[in-house]
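**Q** Requesting a structural model of the entry that follows:
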Amino acid sequence: MAAEAVAAVALGALVLWYILSPLFRSATAAPAFLDPLDPEETRRGIALIALKEIDFDRATGKLSDADYQALKEKYTHEAVAAMREEDVSVDPVEALIAERARTLGPVEAGAGGQVCPRCGPRPEPDARFCSNCGGGLVSPAACRVCHAPLEPGSRFCSNCGVQVPAPQ
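**A** Numbering: from 1, shown residues only. The predicted structure follows:
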């Protein structure tokens with residue numbers, strides 16, 4: 001009987017330790033989850049929802065015209081300020097890509113010298129078909145006098161003005 005009592009006390013102590021041990025452990029930091037914010041949880045979303053709510057409240061007769069104007073002005077300014085903040089925060093990689101695309105000229109954009117009759121110069125150096133429309137690519141012709149590249153379908157050279165012979 002004494003052995004059973006010792007076993008019961010030991011089992012009880014083990015269960016009690018198991019239940020209370022989380023209270024005595026040091027707190028570990030919870031992993032940070034990078035869930036994107038719901039658009040309605042952003043500053044802009046909150047302001048836009050507030051604008052919808054005050055429009056609804058006015059339509060149902062819960063707001064006077066004076067209160068509606070004051071609230072609409074407040075939340076409109078808040079929404080505009082939030083949208084301007086979002087416009088400023090541009091991803092740096094996207095900014096580099098936009099800068100590079102802006103600095104490329106129309107001839108430089110077609111690094112391979114291939115031109116689509118519909119879309120213009122293409123950046124793929126070894127492509128045979130346009131990556132945009134799927135049409136066949138042609139190499140741009142050069143002027144026989146000044147050797148400047150000719151625009152597809154042009155009748156005169158844009159550099160020296162010489163008449164271009166009709167395509168065969």
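
**Q** what sits against residue 43?
**A** Counting by CB atoms under 8 Å, 6 or more residues apart in numbering, residue 43 touches 78, 82, 85. C-beta coordinates here come from the backbone N, C-alpha and C atoms, glycine included.

**Q** Can you list the buried residues in the strand or helix carrying residue 56?
**A** Residue 56 is located in helix 43-59, with elements delineated by DSSP states H and E. For helix 43-59, the buried set under the neighbour-count rule, 16 or more other CB atoms under 10 Å, comprises 44, 46, 47, 48, 50, 51, 54, 58.

**Q** Out of these, name the two that are farthest from one another.
**A** 44 and 58 (21.6 Å; CB to CB).

**Q** Name the helix or strand of this protein that has the lowest mean pLDDT.
**A** helix 106-109 (a mean of 42; mean pLDDT, DSSP states H and E).

**Q** the helices in the chain, which residues?
**A** According to DSSP state H, the chain carries its helices in the segments 2-24, 43-59, 65-88, 92-103, 106-109.

**Q** Can you pull out the low-pLDDT segments for the chain?
**A** Scanning the chain for pLDDT under 70 picks out the ranges 27-37, 87-95, 97-115, 117, 122-123, 125, 137-141, 166-168.

**Q** hmm, try it at 50
**A** Scanning the chain with the threshold set as pLDDT under 50 gives 105-111, 168.

**Q** mind checking how far residue 14 is from residue 23?
**A** From residue 14 over to residue 23 the distance is 16 Å, taken as CB to CB, to the nearest Å.

**Q** of those two, who's got more company?
**A** With neighbours defined as other CB atoms under 10 Å, residue 14 and residue 23 compare such that residue 14 has more, 10 against 6.

**Q** State the distance from the more buried one to residue 20.
**A** If you go by CB to CB, the gap between residue 14 and residue 20 works out to 11 Å.

**Q** C-alpha coordinates for stretch 67-83, PDB please?
**A** C-alpha atoms of stretch 67-83 as PDB (Å, rounded to 0.1, in the frame of the first residue of the first chain):
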ATOM      1  CA  ASP A  67     -21.400  67.000 -40.000                       C
ATOM      2  CA  TYR A  68     -21.200  65.200 -43.400                       C
ATOM      3  CA  GLN A  69     -19.100  68.000 -44.900                       C
ATOM      4  CA  ALA A  70     -16.700  68.100 -41.900                       C
ATOM      5  CA  LEU A  71     -16.200  64.400 -41.800                       C
ATOM      6  CA  LYS A  72     -15.900  64.100 -45.600                       C
ATOM      7  CA  GLU A  73     -13.200  66.800 -45.600                       C
ATOM      8  CA  LYS A  74     -11.300  65.200 -42.800                       C
ATOM      9  CA  TYR A  75     -11.200  61.700 -44.300                       C
ATOM     10  CA  THR A  76     -10.600  62.900 -47.800                       C
ATOM     11  CA  HIS A  77      -7.500  64.700 -46.600                       C
ATOM     12  CA  GLU A  78      -6.400  61.500 -44.700                       C
ATOM     13  CA  ALA A  79      -7.000  59.300 -47.800                       C
ATOM     14  CA  VAL A  80      -5.100  61.700 -50.100                       C
ATOM     15  CA  ALA A  81      -2.100  61.900 -47.700                       C
ATOM     16  CA  ALA A  82      -2.000  58.100 -47.400                       C
ATOM     17  CA  MET A  83      -2.100  57.700 -51.200                       C
END
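
**Q** Good, we can wrap up now.
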